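J.: Show me how the following folds:
(one chain, ligands or ions: 1)
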Amino acid sequence: MDAALWSDRSLKRTAPGAALAEMLSGIRPALPGISHKAQRHHRSIFVSDIHLGTRGCKAELLGDFLARNSCEQLYLVGDIIDGWRLRQRWYWPETHNRVLHQILHMADQGTRVIFVPGNHDEVFRPLCGRVMAGIEVVHEAIHLTADGRKLLVLHGDKYDGIIAYARWLALLGDWAYTVALRANEGVDFVRRRLGLSYWSLSAYLKQKVKNAVEFICRFEDAVARDVQLKGLDGVVCGHIHHPAIKDIDGIRYHNDGDWVESCTALVEDAHGHMEILCWAAQRREPRIQTGISPAKAVQPA
Ligand SMILES: [Mn+2]
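T.: The predicted structure follows:
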């Protein structure tokens with residue numbers, strides 16, 4: 001998505017939804033097959049690392065998730081649109097467009113939508129503090145749970161520097177990761193032909209790489225320490241594509257995962273109970289690779 005396109009024509013505080021709707025009206029396609037009848041209502045939904053604009057993005061599954069789940073507050077926790085990849089090559093299939101329209105539709109219908117840009121959609125960071133098409137754009141948010149806890153909501157890339165460059169992305173390299181995701185598509189295609197459920201090769205490989213595990217632990221510790229210093233009860237982040245709910249030194253750590261590998265969302269119910277939904281596992285018979293059951297809460301590690 002071209003940043004100029006958004007900023008020039010849609011940044012009106014009054015009737016922001018109308019502005020973008022007007023902008024998109026010429027290209028708004030018919031959206032057959034979308035049922036807005038939600039099957040499950042949550043107090044809050046947190047999703048991140050969607051990476052719209054990349055081949056790895058599981059937009060179809062996310063579209064299905066958004067059509068079947070509704071909420072009062074939707075948090076988009078960064079790396080929603082992959083500006084890095086789009087700058088190299090424009091890739092915007094209909095399924096990706098559909099996700100964008102579903103989110104706008106939710107905002108139109110009264111869902112409070114809060115967007116916390118990540119590193120891949122950092123082009124939106126200068127827009128923090130503004131309301132764009134009914135979507136609030138902020139650097140970080142404090143989410144107050146139904147049971148009165150304060151959670152810091154942020155993407156998480158700012159902790160990369162703290163983790164003294166052992167990050168697995170640097171180790172494997174962005175190139176190798178892309179190759180793994182491509183291979184993923186092949187594996188998924190074959191598995192589908194064989195009638196098997198979705199299974200992520202790159203997620204599997206990452207699980208097997210010791211360095212990746214070390215990185216994840218260090219990332220989680222760095223986040224928890226920072227949240228502790230801020231005097232908050234917990235955190236919701238994304239960035240490392242590794243869904244989790246756990247207690248770290250008295251801090252409740254939530255990572256909502258991603259829609260490239262794990263296809264997960266973090267949801268909060270009316271009582272403040274949080275759980276991770278594995279949508280791929282839910283929609284195509286469970287064969288769980290991440291250790292997180294479909295529609296089950298992840299217990300503290
Ligand atoms: Mn990121």
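
J.: can you tell me which residues contact R182?
T.: R182 is in contact with R55, counting by C-beta atoms under 8 Å, 6 or more residues apart in numbering. In this view, the C-beta of every residue, glycine as well, is placed from N, C-alpha and C.

J.: so is it in a helix, a strand, or just coil?
T.: The three-state label given to R182 by DSSP: H, G, I helix; E, B strand; the rest coil is helix.

J.: Next, work out how far apart the closest residue to the ion within the stretch 201-301 of the chain and G156 are.
T.: Taking C-beta to the ion as the measure, the point where the stretch 201-301 of the chain comes nearest the ion is H239, at 4.0 Å. For H239, the distance to G156 equals 4 Å [C-beta to C-beta, to the nearest Å].

J.: Quickly list what's touching both of those two.
T.: When contacts are counted by C-beta under 8 Å, 6+ apart, the set common to H239 and G156 consists of G78, G118, F219.

J.: which ones among the residues you listed come in contact with the ion?
T.: Checked against the ion using C-beta under 5 Å from the ion, these yield the following neighbours: G118.

J.: now the shared contacts of H239 and G156 in a markdown table, with pLDDT, neighbour count and secondary structure?
T.: Written out in a markdown table, the entries for those read as follows (pLDDT from 0 to 100; neighbours: other C-beta atoms under 10 Å; DSSP: H, G, I helix; E, B strand; the rest coil):
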| residue | pLDDT | neighbour count | secondary structure |
| --- | --- | --- | --- |
| G78 | 97 | 28 | coil |
| G118 | 95 | 29 | coil |
| F219 | 89 | 24 | helix |
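
J.: can you give me the helices for the stretch 51-200 of the chain?
T.: Ranges of helices in the stretch 51-200 of the chain, per DSSP state H, counting those that start in this stretch, are 59-68, 83-88, 94-108, 168-193.

J.: and the shortest one with the ion, contact?
T.: No: Helix 83-88 lies apart from the ion when judged by C-beta under 5 Å from the ion; the minimum separation is 9.7 Å.

J.: now what about that helix, what contacts it?
T.: Around helix 83-88, the neighbours that count as contacts under C-beta under 8 Å, 6+ apart are M1, A3, H51, G53, T54, Y91, W92, H120, D121, E122, V123.
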